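Enquirer: This is a predicted model, with the sequence first.
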Amino acid sequence: MRSGKTLSEIAPDVGVSAQAMSRWENATASFPSERVIPFLKAIGATEADVEKEIAHLTDPSSILAPAREGKWWHEFPDDLEKHVVGDEVMSPWVEPGESVWVHRDRHPRRMEGCLIEFKDGTTKIRLYERGKDGFYFFKRLDTDMSEQVLHSDVAGIHRIAFRGH
């Protein structure tokens with residue numbers, strides 16, 4: 001309401017239907033964490049506002065605040081880790097120097113962004129495709145081919161909850 005826009009006007013920017021957003025408003029459906037940033041941008045929030053909201057939402061004491069009980073942000077993950085993108089293979093989805101916030105306790109769904117943590121301590125950001133026959137398959141955006149990684153080389157695959165500056 002503060003933005004002066006209707007749900008139908010901002011829904012395309014958020015990537016969902018106006019009906020889905022209405023369910024979030026009425027607390028009949030959970031507000032998916034990956035839609036928070038597009039939602040904030042669609043209603044005209046500044047980058048500083050977005051950073052402030054992420055910092056606030058990732059603070060465990062604010063997550064459990066009684067005033068927010070029962071709202072979409074009540075279930076917001078409190079253990080997000082910030083990582084800075086180092087290479088260009090996922091451009092334009094994420095650019096070098098941009099930040100991603102990783103949720104360590106959630107495995108990505110198909111074609112969802114993830115941080116691959118290797119047993120040697122290195123990390124990569126990719127889109128998760130699938131695991132099959134002792135391999136994981138990941139999508140890079142700088143090529144049409146999938147990247148194949150042995151299960152035994154991977155320490156963890158963690159879902160990216162947010163991306164951007």
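Expert: In hand now; what should we look at? Residues are numbered from 1 along each chain as shown.
Enquirer: my read: Phe31 touches Trp24, true?
Expert: Yes. Contact criterion C-beta atoms under 8 Å: Phe31 and Trp24 qualify, at 4.4 Å. Any C-beta I mention is one placed from the backbone N, CA and C, and that applies to glycine too.
Enquirer: Now Glu34: closest residue in space, sequence neighbours ignored.
Expert: Leaving aside its sequence neighbours, Glu34 sits nearest to Ala161 (C-beta to C-beta, 6 or more residues apart in numbering; 6.1 Å).
Enquirer: my hunch is that the one you found is in a strand, does that hold up?
Expert: Yes. Ala161: assigned to a strand according to DSSP: H, G, I helix; E, B strand; the rest coil.
Enquirer: For it, give its distance to Gln148.
Expert: When distance is defined by C-beta to C-beta, to the nearest Å, Ala161 is 25 Å away from Gln148.
Enquirer: Run through the bridge partners of Leu150.
Expert: Leu150 has the following beta-bridge partners by DSSP bridges: Phe135.
Enquirer: can you give me how far stretch 32-43 is from the chain middle?
Expert: Stretch 32-43 has its C-alpha centroid displaced from the chain centroid by 10 Å (C-alpha atoms, centre = their mean, to the nearest Å).
Enquirer: Next, Phe39: phi, psi?
Expert: phi -60, psi -50 (degrees, to the nearest 10).
Enquirer: My guess is it contacts Ala11. True?
Expert: No. Using C-beta under 8 Å, Phe39 makes no contact with Ala11, being 9.7 Å away.
Enquirer: so what's the residue nearest to Glu34 up against?
Expert: Going by C-beta atoms under 8 Å, 6 or more residues apart in numbering, Ala161 touches Ser33, Glu34, Pro77, Leu80, Trp101, Val102, His103, Arg106.
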